[in-house]
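Q: predicted structure and sequence below. I'll ask about it afterward.
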Amino acid sequence: MSQEQIETEGCFLRFIMAALHTIAVLFVVVWLCSSLVGLCSLIAIVLTVIIYIFFFSIFEFFYYRSKAFLAIKHSIDKNIEKCNLLNKHIEDLKSASVKIKSTDFGMSDYRDESVYNYTRPELKKLQYDEHVYDCSLSVCKNAQQQPFKYLCKYFDFEISEEFLNNIESALNDFSAAEQGKVLLIQERNRIINSIKEKVPFLLVKFRQNKLIQKLGFKFIGFNDPYFPKYSFRYVSPGCNSSMVCDIVLDIPNLEKLVHYVAKGIDYKNGIQGQRVLMTTSLREKIKQRDHYTCQHCGLSINQEPNLLLEIDHIIPLSKGGMTTEDNLQTLCWKCNRHKGNKIY
C-alpha cells in the first residue's frame, strides 16, 4: 500500500469519525430542543440513532481492515498467541474429572406404555444419567445432611488411596484452572490497555468485545460450569412431585472430600506417616518454597506477573510417586504440560 493510499484511508476514517461525532451532537440538540415530546421529535430521534448506527458500522468495517489496525494487531501477535495457548491449557484443565471405578450393571430400555391419558409432569425426569441416583425420599433428604457419606455409598466410590489420588489430581487441575482464568483476564486487560491510546475511543468503550475478537483473542468461557455434579433424585410414585439433592464437586467441596476420604483409608507400609494431602494450602506452600519460580525453565512471577504456576509430582503417581513435599515441585504451565508423565 502506497503512502498516498494510506493517507487517503486515514482521511476517510477521520471523516467517518467526524460524522459520528456530528450526529451525536445533533442527537443531543434535537433531544434538548424538543419542548414538546411529540411524534415529530420522536421520529427525529429514531432517525438520528439509525443514521448513527449506520455510519458507525461503516467505520468499523473499514477500520478493522485498515493498515493502522493491522499494524497494531501485528505488534501484539506474540502476546495474543500466548494468551490463546494459556486459554487452551485452561480448557484442558477444566476437562479433568474425578476418575471412579464403578460397577457396570448393563443396559436396558425404559418406556411408558400406560393406557390412561394422564399427565405425569415429573415422569420425563426419569432418564438414565450415570451422575444421577434415583432414590427414596429419605435417602434424598439424608444425602443433603451427609453428602460425602451418601456420595461414596450410592455412587460406588471406593475409599482407597487410588481414589484419593484421583480427587487430589482433580483438585489440583481445577485450582490451576480457576487461578489461570484470573491471570488470563489480567493479561488480556494489560494487552488491551497497552494499545487503547492507539484505538478509537468508541471501539474501546462501547465495542470492546468485538475489538478483542478482531485482535485475535479466543473466546474465554469464564462462566461455563465444569465441576462434576452428582445428584440424588426422588420422584413420587405418581410422578407428580420430585426432589433433587445436588452435590457439586467444586474446589471447596473437593478440599473437604480429600480430608473425608483420607480419614477412611487403610494405609499400607507406613505410607500414612509420609504422605501429605494435596490441598490449596499445600500448593501455596510449595510455590513459596520454590520462590514462585518454575523449577525447569527458571521463569518467575517477577519476570512475568501473570504467569500461571502449577504443582507437579516429580515422580508421577502413575509411576509409584507419592504426594510428599520432596516429590512436589513448582512448574510453569508450559513446562508442566510438556513434562506430562516424564520424570525430571
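A: Arrived safely, thanks for sending.
Q: when you work out contacts or count neighbours from here on, use the C-alpha atoms and nothing else.
A: OK.
Q: partner strands of the helix or strand harbouring residue 234, with direction?
A: Using DSSP states H and E, residue 234 maps to strand 229-235. Strand pairing for strand 229-235, using DSSP bridges, gives strand 132-134 (parallel), strand 242-248 (antiparallel).
Q: how far away from the center of its chain is that strand?
A: 25 Å (Cα atoms, centre = their mean, to the nearest Å).
Q: again, but for stretch 208-226
A: 11 Å.
Q: quick one: contacts of it?
A: The contact list for stretch 208-226, computed with Cα atoms under 8 Å, 6 or more residues apart in numbering, reads 64, 73, 80-81, 83-84, 87, 94-95, 181, 203-204.
Q: would you mind giving these as CSV with neighbour count added?
A: Output for these, formatted as CSV (neighbours: other Cα atoms under 10 Å):
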residue, neighbour count
64, 15
73, 17
80, 21
81, 14
83, 21
84, 19
87, 22
94, 20
95, 14
181, 19
203, 15
204, 18
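Q: by pLDDT, give me the weakest of those.
A: Ranked by pLDDT, those bottom out at residue 95 (78).
Q: with adjacent residues omitted, what lies nearest to that residue?
A: residue 226 (7.2 Å; Cα to Cα, 6 or more residues apart in numbering).
Q: count of residues packed around that neighbour?
A: 16 (other Cα atoms under 10 Å).
Q: just to be sure, it is in a strand?
A: No: checked against DSSP: H, G, I helix; E, B strand; the rest coil, residue 226 lies outside a strand; its state is coil.
Q: hang on, the earlier thing: residues making contact with the strand holding residue 234?
A: Residues from elsewhere that reach strand 229-235, judged by Cα under 8 Å, 6+ apart: 122-123, 131-137, 139-140, 143, 151, 241-249.
Q: what's the burial count for residue 338?
A: Residue 338: 9 surrounding residues under other Cα under 10 Å.
Q: shaky segments in the stretch 101-250 of the chain?
A: 101-128, 222-224, 239 (pLDDT under 70).
Q: can you give me the helices in it?
A: With DSSP state H, counting those that start in this stretch applied, the stretch 101-250 of the chain shows helices at 137-145, 147-154, 161-195, 201-206, 208-215, listed in chain order.
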